[in-house]
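S.K.: Prediction below, plus the sequence it came from.
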Amino acid sequence: MDLNIVEVVGLLLFLIGFYGLAARRNIIKSVLSLGIMDIGVITFFLGIRFQIGSRPPIGTEAVQALTADPVPQALMITAIVIGVAVTAVALMMFSALYHRYGSTNWDKVLEVRKKERGK
Amino acid sequence: MELYLIIVLPIFASLFLYLIPSKITTALSALVYVIVFGFTLQIFYRVRFLGEILTTKQSSDFLGITLYCDLTASVFLVLVAFLFLCMFFYTSVRERTSKLFSFLFTVLEGLVMLIFLSRDLFNIYVAIEVSAIVCAILIMYKHESRSIYDGLVYLLINITGMLFFLLGIGMIYRQLGVLELDGIATAISTRDPHELLLAFALLMTGTMLKCAMFPMHFWLPLAHGTPGAPTAVSAILSGIYVKSGVYLFMRMQEIFSPVIDLSPFFFWVGVVTSLAGIVMAICQSDIKLILAYHTISQIGLIIAGLSSHVEKVQAGAVLHIINHALFKSLLFLAAGMMISKYGTRNIYKIRGVMKSLPLAGIAIISGILGITGAPFFNGSISKYFLAQTDTAISTFFFTLINFGTILSFIKFGRVLFGEKKKLSFSYDVYSTTVVITLSALCLLTGIFAEPLLYLILAQPLSIGVSGYITKTIIWAISFVGAELFYRNILSHNKRLKGGIDFSASFNSIICCLGGIFIALMAVGLMTIS
C-alpha cells in the first residue's frame, strides 16, 4: 500500500488523537483529542486518489486535466458537520458534569461517581 | 417510496410538532407512531410476498445512494416500529408531553430505521453517529449527575469507535472505489485479502464496539443501566438500539466472509462475552444494572450463534434478536414500575412484588420464563435452534450460558416473593396495556413459533419434538441446579449484597478498544496467511 503525503498526515493525526484519548486524563483534552482524530480521518479521506498538481473537477477545463476524486470530498462535508455537533454536545455535557463533580479529571470524577453509587 | 417515508416522516413530524402548541402534540405524535407502524407492516407484507424493495435503480458504478429492504431488514423494521409505539404509550404523561423528549424519541425512531435500511457504508456511519448523539442526550435527559457522566462516556466511546469505522470506510474506498454494500461484495471477491485486512480490522473494531463485545462492554451498563434515564429510553436502548450493532455485524460478515473469514474468532469472543456478562450480572445489586449486564451476555450469545456455520443456528440467532427485544424491553418496563413504586433500585430491598404489584409480577414472570428458555415461551424456541450446533464443545457452552442465565434470574426472581407492602399507586391504562401486550407476545411467539418462523424467515424450519423435550428436560435440570446453587452458596455471599462495581476509567476503555484492533489484525493475519 503506497500512501501519499496527505494520507500519511491523516493517519498520523489519527494516531496522535488516539494517543491523547488513551493517555490523557483531562476531559477537555479527551474532547480535543477526539477532534484531532476526526480531523485525521477527514484529511485521510481528502487524500484518497489525490496527486500533486491535480485540480478540482469543476468547469469545462477539468475534462482534460488531472482531477482529484470528488466523492470522498463530498462525503467529508457531512463528516465535518457531525464532528462539530459531537464536539458541541460533548462540551455541553462536560460543562454540566463540571458543575456537579467539580473536576476535569476522569479518575477523580469516576471516584466520586463510585461513592455516589453506594447511596 | 414508503422506505423514504418511514425515515423522513418521524424526523419531520417531530420537528413540526416541536413548533406547534403542546395541547395536541401528544395525540399527533401517537398518530405518527401508529402510521409508521402501519407502513412497516405493509413493507413487510410486500417484501415477504412480492420480493425485495430497492428505492432507485441500481447503476453499474454503485454511486447512487439507495435504500434496500430485504426480509431480515423488514422484520427489524416492524419490530422497531412496534416497540417505539409501545414505549411511547408506556412513558409517563409528563415525559410524553415534554417537547424535547418527544422530539428526540421520535427522531431516534427514524434514525434507527435508516440504519436498518441503508445499503451504503457512509450512510450507515451517518445514521449511527447521529443516533449516538441523540441517545446520549436521552440518557442524560433528567440531568442527574451520574447520568451526565454516563452520557458523556457513552458519547465519547461510541464516537471513537465510529471514527475507526469511518477510517475503515476510507480504506475500503481507497482500495475498491465503492461504498455500496453490493458493490463492495462484487469488488472484494477478486482482491488479495492482505490489501483489505487493515480496512476489515478498522470496520470490525467499530462494529464490535457497537455490539459491546468483551472487553469493550464497559459503555453498555453505563448507558443502559443509568439511574437517571427514563425507563422507556433504557428499554429502547437495550431492546432495539443495541441490535443495530448486531445488524451491522451481520452485514459485515456477509460481505467479508468470502475473503477474510474470522468466524471462529467471533464465536469465541461471543462465548466469552456471554459468560462474562452473566458473571457480572450476578454480582450486581442494582436492578437496572442486572438487566444491562444481561443484555451484554445475550448479545454475546447472538454473536456466537451468528458466527456458526450451521444454518439452523444462524436462524436461531436471528430469532433470538427478536425475542430478546421483546422480553428485555418487557423486563425493563417491569423494573421501571418497581423502581418508581418502591423508591429503590436495590434488588435485595424489593420484595413481595407478586402481592403488591401483580401486574409487574406477571410481566417479570413472563420475561424471566422467556429469557431463560422455559417451555412454550419464545426464548425456548430460539435457544432450541441455537443448541443445534455441530460440535459438542459449542453445545456445552450454550448449555453453560443458559445455566448462568437461569442462575442470575433466580436471583432476580426473588423480588416476586415475600411480604406484601402497602404501596400507593394507580394503574395507568396505557402502560398496563403495553405491559400486558408484551407479556402475551412473549408467550404467543413461543406457542405459534413454527408459523411465525415460516413467516419471518421464509424457509420451513421444523422443531423436532424429541429434541424439544430434551431441551425442556435440560432446562428443568438447570433450573433446579441453579436454584440449589443460589440457595446454598450464592445467597450466603456477603460481598454480593453490596454489589461489585466493574466500571473502568475512560482511558482504560479506550486502551481496550486499541487492544481489540490489534487482536483483530493479528488474528486476521494468522487466518489469511
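M.R.: In hand now; what should we look at?
S.K.: Which pLDDT value goes with residue 61?
M.R.: Chain wasn't specified; assuming chain A. On the pLDDT scale, A:Glu61 is placed at 68.
S.K.: Wait, chain B was what I had in mind.
M.R.: 63.
S.K.: got any ranges where chain A has weak pLDDT?
M.R.: Applying pLDDT under 70 to chain A flags residues A:1, A:61-63, A:117-119.
S.K.: and the residue nearest to the spatial centre of it, what does it touch?
M.R.: The residue lying closest to the centre of chain A (C-alpha atoms, centre = their mean) is A:Asp38, at 1.3 Å. Contact analysis of A:Asp38 by C-beta atoms under 8 Å, 6 or more residues apart in numbering or on different chains lists A:Gly17, A:Ala79, A:Gly83, A:Val86, B:Leu163. Yep, even glycine has a C-beta here, placed from its N, CA and C like the rest.
S.K.: Apply 7 Å and report the result again.
M.R.: A:Gly83, B:Leu163 (C-beta atoms under 7 Å, 6 or more residues apart in numbering or on different chains).
S.K.: Report the buried residues of whichever helix or strand it is part of.
M.R.: Assigned by DSSP states H and E, A:Asp38 belongs to helix A:27-47. For helix A:27-47, burial by neighbour count (16 or more other C-beta atoms under 10 Å in any protein chain shown) applies to A:27, A:30-47.
S.K.: Let me know the next secondary structure element after it.
M.R.: Next in line after helix A:27-47, if elements are assigned by DSSP H and E, sits helix A:70-101.
S.K.: roughly how far is the next helix or strand along the chain from that next one from the heart of the chain?
M.R.: Downstream of helix A:70-101, the first helix or strand assigned by DSSP H and E is helix A:106-118. Chain-centre distance of helix A:106-118: 28 Å, with C-alpha atoms, centre = their mean, to the nearest Å.
S.K.: quick check: angle from helix A:106-118 to helix A:70-101?
M.R.: Using axes from the mean of the first three to the mean of the last three C-alpha atoms, to 10 degrees, one finds that helix A:106-118 and helix A:70-101 are set 60 degrees apart in direction.
S.K.: Next, the angle from helix A:106-118 to helix A:27-47.
M.R.: Using the same axes, to 10 degrees: helix A:106-118 against helix A:27-47 is 120 degrees.
S.K.: contacts for helix A:106-118?
M.R.: Under C-beta under 7 Å, 6+ apart, the answer for helix A:106-118 is A:Arg25, A:Ile27, A:Leu97, A:Tyr101, A:Ser103, B:Arg146, B:Tyr149, B:Asp501, B:Ser503, B:Ser505, B:Phe506, B:Asn507.
S.K.: What subset of those residues is buried?
M.R.: Neighbour counting with 16+ other C-beta under 10 Å marks A:Ile27, A:Leu97, A:Tyr101, A:Ser103, B:Arg146, B:Tyr149, B:Asp501, B:Ser503, B:Ser505, B:Phe506, B:Asn507 as buried within those.
S.K.: Between those residues, which sits nearest B:Leu306?
M.R.: Nearest to B:Leu306 among the buried ones among the contacts of helix A:106-118: B:Ser503, at 28.1 Å, using C-beta to C-beta.
S.K.: Dump stretch A:48-59 to CSV, keeping only the CA atoms.
M.R.: The C-alpha coordinates for stretch A:48-59 follow below in CSV (Å, rounded to 0.1, in the frame of the first residue of the first chain):
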residue,chain,number,x,y,z
ILE,A,48,-7.7,9.5,-1.4
ARG,A,49,-6.7,9.4,-5.1
PHE,A,50,-5.0,12.8,-4.9
GLN,A,51,-1.9,13.5,-6.8
ILE,A,52,0.2,16.7,-6.5
GLY,A,53,-0.9,19.0,-9.3
SER,A,54,-4.4,17.7,-9.6
ARG,A,55,-7.3,20.2,-9.7
PRO,A,56,-10.9,20.2,-8.6
PRO,A,57,-13.3,18.6,-11.1
ILE,A,58,-15.2,21.8,-11.8
GLY,A,59,-15.8,23.5,-15.1
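S.K.: Tell me which residues are up against it.
M.R.: So stretch A:48-59 is in contact with A:4, A:6, A:62, A:65-70, A:72, B:170, B:173-174, going by C-beta under 7 Å, 6+ apart.
S.K.: what residues are up against residue 91?
M.R.: In the absence of a named chain, this looks at chain A. By C-beta under 7 Å, 6+ apart, the neighbours of A:Leu91 are A:Val31.
S.K.: My question was about chain B, not that one.
M.R.: B:Pro230, B:Ala232.
S.K.: Check the gap between it and B:Gly110 for me.
M.R.: 18 Å (C-beta to C-beta, to the nearest Å).
S.K.: where does B:Cys442 fall, helix, sheet strand or coil?
M.R.: For B:Cys442, the reduced secondary structure class is helix; criterion used: DSSP: H, G, I helix; E, B strand; the rest coil.
S.K.: That one and B:Gly379 touch, don't they?
M.R.: No. Using C-beta atoms under 7 Å, B:Cys442 makes no contact with B:Gly379, being 8.0 Å away.
S.K.: Pull up the overlap in contacts between the two.
M.R.: B:Phe327, B:Gly370.
S.K.: phi, psi of B:Asp70?
M.R.: Per-residue torsions, B:Asp70: phi -100, psi -170 (degrees, to the nearest 10).
S.K.: Show the contacting residues for the residue of the stretch 151-300 of chain B found nearest chain A.
M.R.: Here the stretch 151-300 of chain B gets closest to chain A at one residue, B:Leu152, 4.5 Å apart by C-beta to the nearest C-beta. Shown in contact with B:Leu152 (C-beta under 7 Å, 6+ apart): A:Ala90, A:Met93, A:Phe94, A:Leu97.
S.K.: now, which of those lie close to chain B?
M.R.: A:Ala90, A:Met93, A:Phe94, A:Leu97 (C-beta under 7 Å from any C-beta of the partner chain).
S.K.: Could you look up the SS state of B:Pro460?
M.R.: Assignment for B:Pro460 (three-state DSSP): coil.
S.K.: B:Phe249 and B:Met204: what is the separation?
M.R.: 8 Å.
S.K.: Tell me which of the two has more neighbours.
M.R.: For B:Phe249 versus B:Met204, neighbours defined as other C-beta atoms under 10 Å in any protein chain shown are more numerous around B:Met204 (29 against 24).
S.K.: what helix or strand is that one on?
M.R.: helix B:193-210.
S.K.: Pull the residues that contact the helix or strand just after that helix.
M.R.: Per DSSP H and E, the first helix or strand lying C-terminal to helix B:193-210 is helix B:219-224. Outside helix B:219-224, the residues that touch it by C-beta under 7 Å, 6+ apart are B:139, B:150, B:153-154, B:157-158, B:212, B:234, B:237-238, B:289, B:292-293, B:295-296, B:509.
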